[in-house]
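Visitor: just the structure for this:
(one chain, ligands or ions: 1)
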Amino acid sequence: MSRIAFVNGEFVPHGEAYVHVEDRGYQFADGVYEVCEIKDGQIIDLDGHITRLQYSLSELQIAMPMAQAALVVKMRQTVTRNYVKNGMIYLQVTRGVSPRNHVFPPAGVKSSIVLTAKSVSPMSKINLYKNGVAVISVPENRWARPDIKSIGLLPNCMAKQEAKEQGAFEAWFVDDDGMVVEGSSSNAWIINQDNEIITKSADGSILKGITRAAILQQIKDQKLTIIERAFSLREAILAKEAFISSATTIVMPVVKIDNHLVAGGKVGAMAKKMLESFYHYAEKTDI
Ligand code: PDD
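Guide: Next up, the predicted model:
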């Protein structure tokens, strides 16, 4: 089945979906993105992702490429035209096409938009959820604005590649004080021996995960204890449970950090429960 992409106002076959060589996303990573999960034919947390898209764009003074309602229609169409029932939709907006110049282009240059969707079998992650995943720690070396969901992801790609080469699933950025910041494409969580759930506060030094927000809501509704503060790598290794969250992993248990097993390498009960009840709390939009 051939895939279809939405590029600057048109649906085109995926294999023929191109942007201009002077698109500022291509030359300067001058753009932002969002990834939403598609689950059982519904877009998960669409509003949250659109709100964060607007935040990222406004922080960079990039205009929305089209009216929000129209964008949502195009997102839905991208999902249906690719027959995606379970998988993800990728949205990217850049500052547009203009002769290479670090200074922003003159008013009137339209921002570029690309939408793609792909199917991902729910079965593909079953074993990861069952057995948990390993993470490695890497020094934080990203820019000081990870709250903006920028397409400039080279440090994240290098960290993820290093994780892969070490047989791990994710890399956690750790700051100079030994505190875990977040994953290369996920937020980081631990549960300590007192059953307190700990995750770094969204103080500008992490991406304010949409999945993170839904998990926080779930924790509050279930009257569990949440502490939004940074935790050290040492605390994580000694934790009762650890997990990561993102639109593509939801609640993924972490059972190994560098060479240390977390809780003997067993998937924790609380993370498992949180994953099971996640969709009850997440916002769902029919396609
Ligand atoms: N990444 N932190 C970083 C650095 C991320 O890239 C992501 C998401 C998250 C979690 O955010 P959310 O819960 O809204 O997905 C945290 C996406 C999935 C990606 O880059 O593919």
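Visitor: only C-alpha atoms from now on, for both contacts and neighbour counts.
Guide: Fine.
Visitor: confirm residue 274 sits in a helix?
Guide: Yes. Counting by DSSP: H, G, I helix; E, B strand; the rest coil, residue 274 falls inside a helix.
Visitor: who in the stretch 101-250 of the chain is up against the ligand?
Guide: The stretch 101-250 of the chain has residues 183-187, 207, 209-212, 245-248 near the ligand, with proximity defined as Cα under 6 Å from any ligand atom.
Visitor: what's across from the spatially most central residue of the chain in the sheet?
Guide: Computing the C-alpha centroid of the chain and ranking residues by Cα atoms, centre = their mean puts residue 246 first, at 4.7 Å. Per DSSP bridges, the residues bridged to residue 246 are residue 250.
Visitor: again with residue 119
Guide: As assigned using DSSP bridges, the partners bridged with residue 119 are residue 87.
Visitor: now residue 94
Guide: Beta-bridge partners for residue 94, by DSSP bridges, are residue 31, residue 112.
Visitor: can you give me the neighbour number for it?
Guide: For residue 94, the tally of surrounding residues (other Cα atoms under 10 Å) stands at 27.
Visitor: mind jotting down where the strands sit in the stretch 151-287 of the chain?
Guide: Remark: strands of the stretch 151-287 of the chain, listed N- to C-terminal, are 170-174, 179-183, 187-191, 196-199, 225-228, 231-232, 241-246, 250-257, 260-261, 284-286; assignment by DSSP state E, counting those that start in this stretch.
Visitor: which elements pack onto the fifth one?
Guide: Using 3 or more Cα pairs under 8 Å, 6 or more residues apart in numbering; DSSP states H and E as the contact criterion, the elements in contact with strand 225-228 are strand 196-199, helix 210-221.
Visitor: for the strands of the stretch 151-287 of the chain, which one sits closest to residue 70?
Guide: strand 284-286 (15.2 Å; Cα to Cα).
Visitor: tell me the helices and strands packed up against the closest one.
Guide: strand 42-44.
Visitor: and for the strand it packs on, what are the contacting residues?
Guide: 36, 37, 38, 85, 282, 283, 284, 285, 286, 287 (Cα atoms under 8 Å, 6 or more residues apart in numbering).
Visitor: most surrounded residue in these?
Guide: Counting neighbours by other Cα under 10 Å, residue 38 leads those with 28 neighbours.
Visitor: so that residue touches residue 86, yeah?
Guide: Yes. Counting by Cα atoms under 8 Å, residue 38 does reach residue 86; the two are 5.0 Å apart.
Visitor: can you give me the first-to-last residue distance of stretch 51-70?
Guide: Counting by Cα to Cα, to the nearest Å, you get 15 Å between the two ends of stretch 51-70.
Visitor: tell me if that stretch is near the ligand.
Guide: No. Stretch 51-70 does not reach the ligand (Cα under 6 Å from any ligand atom); its nearest approach is 8.4 Å.
Visitor: quick check: mean pLDDT across that stretch?
Guide: Across stretch 51-70, pLDDT averages out at 98.
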